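Participant: what's the 3D shape of this:
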Amino acid sequence: MIKPSVNIPKVLTLTMLCIVMTSCQIQMNQIDAPEQLYEPTPTLFGTPIDIQMIPTDPPTPEPEKNSNICVFPFFNSTTNNTQEAAVYTFNWNASLKNQTIKTRDGTINLTGPTNLKTGIRKLLLVHNGIIPDKLYLSSKVEPNSHIIYDAHSNTSEIRTENGDLLYQTIYDPTDDTGNMKSALNITKVERQYSEDDNYIIRVTLDSSNDKIVESSFENIELKVGQERYAYRILNTQKAINLKYDSDGNYSKWTGTVIVQGNTITWAINNNKEENFSVKTSTDIQQVDKTNIFNTTSMLNLWAVSQTSCITQ
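Facilitator: Numbers count the residues shown, from 1 in each chain. Predicted coordinates for the structure are as follows:
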């Protein structure tokens, strides 16, 4: 049987026409669906690339970390509260008369003698009260020493780089005695340790005592642990030294007491780790009384700071 002949040019023409119509249909569909223009463009292996817009505003920078401050919590057994403490590292410049430290509660002005050596020191501050406006640095505060200050009790302690104890101080306000004589107004109490583990305690009063006693006597009394030492001025202008034991029995004390200007100093060789405080009174009433220096609380604070800020 003879097959009909095929007109090849006609077939090619029809084929090309179909391709053109199909292409036009695809393009018309793409125009009708504009959202497809924003889809990720596939790569050679089919992984889409999604181009993100760059924000016009720069990102907020992270706050700068201050390596000179180490903050840690401290449980104070005296107040029965957890409080914030911080170690502030500063470099004392001997060519300057004073410097300032910016703490988390304000600025503290540091002053020191001209023979105070240049070098790094650390202030350990417990933020649980009003911080002092000024702190005086003794020439004994060698570089790498630690100054510990409890703002709640207004007490401070100085330790060497190795943790050896040098000074303990109680600060007392000068406006807490009313109209009573300034010679019974306590301003500061210091305990200074010697190399042989003995120590002295020096009481600084607002003014020197003129020994004009209007009552029977006036007392400046030191309490160390359960023992008390009294410097008593009689209305006869005679001064005597007394010691009270833990039971309240008293006797004349033959130890060293130095009275110089507005200071009274006791030299003591026992109870070196006991708490201490000072009060003044007459035979009629109490005049002034300091906070208690809590040696256990200070020791705990020192130990916690060494654990929390060991890399400082």
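Participant: can you map out the strands along the stretch 51-200 of the chain?
Facilitator: 69-76, 81-92, 98-103, 106-111, 119-127, 134-136, 146-150, 155-159, 165-171, 186-193, 199-205 (DSSP state E, counting those that start in this stretch).
Participant: each with direction, which strands does the third one pair with?
Facilitator: Strand 98-103 has these partner strands in its sheet, going by DSSP bridges: strand 106-111 (antiparallel).
Participant: give me the buried positions along the strand it pairs with.
Facilitator: Ile108, Leu110 (16 or more other CB atoms under 10 Å). In this view, the C-beta of every residue, glycine as well, is placed from N, C-alpha and C.
Participant: indicate which one of the strands of the stretch 51-200 of the chain is closest to Asn270.
Facilitator: Smallest distance to Asn270 across the strands of the stretch 51-200 of the chain (CB to CB): 9.6 Å, for strand 199-205.
Participant: re the thing from before, could I get the strands of the stretch 51-200 of the chain as TSV with mean pLDDT and distance to Lys211?
Facilitator: As requested, these are arranged in TSV below (pLDDT from 0 to 100; distance: least, CB to CB, whole Å):
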stretch	mean pLDDT	distance to Lys211
strand 69-76	88	41
strand 81-92	91	41
strand 98-103	91	37
strand 106-111	93	33
strand 119-127	93	40
strand 134-136	90	29
strand 146-150	94	35
strand 155-159	95	31
strand 165-171	94	25
strand 186-193	95	18
strand 199-205	97	13
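Participant: tabulate those (JSON lines), appending distance to Ser308.
Facilitator: Output for those, formatted as JSON lines (distance: least, CB to CB, whole Å):
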{"stretch": "strand 69-76", "distance to Ser308": "4"}
{"stretch": "strand 81-92", "distance to Ser308": "8"}
{"stretch": "strand 98-103", "distance to Ser308": "17"}
{"stretch": "strand 106-111", "distance to Ser308": "21"}
{"stretch": "strand 119-127", "distance to Ser308": "10"}
{"stretch": "strand 134-136", "distance to Ser308": "22"}
{"stretch": "strand 146-150", "distance to Ser308": "13"}
{"stretch": "strand 155-159", "distance to Ser308": "16"}
{"stretch": "strand 165-171", "distance to Ser308": "20"}
{"stretch": "strand 186-193", "distance to Ser308": "26"}
{"stretch": "strand 199-205", "distance to Ser308": "29"}
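Participant: give me the low-pLDDT residue ranges for the stretch 201-312 of the chain?
Facilitator: 310-312 (pLDDT under 70).
Participant: what segments of it are strands?
Facilitator: Listed in chain order (using DSSP E, counting those that start in this stretch), the strands of the stretch 201-312 of the chain are 217-224, 227-234, 239-244, 250-252, 257-260, 263-268, 276-282, 286-289.
Participant: any chance of the ones you listed in CSV with distance to Pro132 and mean neighbour count as columns?
Facilitator: Formatted as CSV, these follow (distance: least, CB to CB, whole Å; neighbours: other CB atoms under 10 Å):
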stretch, distance to Pro132, mean neighbour count
strand 217-224, 23, 21
strand 227-234, 27, 19
strand 239-244, 32, 16
strand 250-252, 36, 10
strand 257-260, 25, 13
strand 263-268, 21, 18
strand 276-282, 19, 21
strand 286-289, 19, 18
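Participant: just tell me which of those ends up closest to Arg121.
Facilitator: Nearest of these (CB to CB): strand 276-282, 25.1 Å.
Participant: could you list the residues in contact with that closest one?
Facilitator: If you take CB atoms under 8 Å, 6 or more residues apart in numbering as the criterion, strand 276-282 is touched by 168, 170, 184-186, 189, 191, 201, 203, 205, 213, 215-225, 286-293.
Participant: swap in 7 Å and give it another go.
Facilitator: Around strand 276-282, the neighbours that count as contacts under CB atoms under 7 Å, 6 or more residues apart in numbering are 170, 184, 186, 189, 191, 201, 203, 215, 217-224, 286-293.
Participant: could you redo the strands of the stretch 201-312 of the chain as TSV and give each row distance to Gln83?
Facilitator: Formatted as TSV, the strands of the stretch 201-312 of the chain follow (distance: least, CB to CB, whole Å):
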stretch	distance to Gln83
strand 217-224	26
strand 227-234	31
strand 239-244	34
strand 250-252	39
strand 257-260	37
strand 263-268	31
strand 276-282	21
strand 286-289	24
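Participant: of all the ones you listed, which lies closest to Asp150?
Facilitator: strand 276-282 (14.2 Å).
Participant: what's near enough to touch the closest residue to Arg191 other than its chain neighbours?
Facilitator: Once flanking residues are discounted, Arg191 sits nearest to Gln168: 4.4 Å by CB to CB, 6 or more residues apart in numbering. Counting by CB under 7 Å, 6+ apart, Gln168 makes contact with Glu157, Arg191, Phe293.
Participant: report the beta-bridge partners for Gln168.
Facilitator: Glu157, Arg191.
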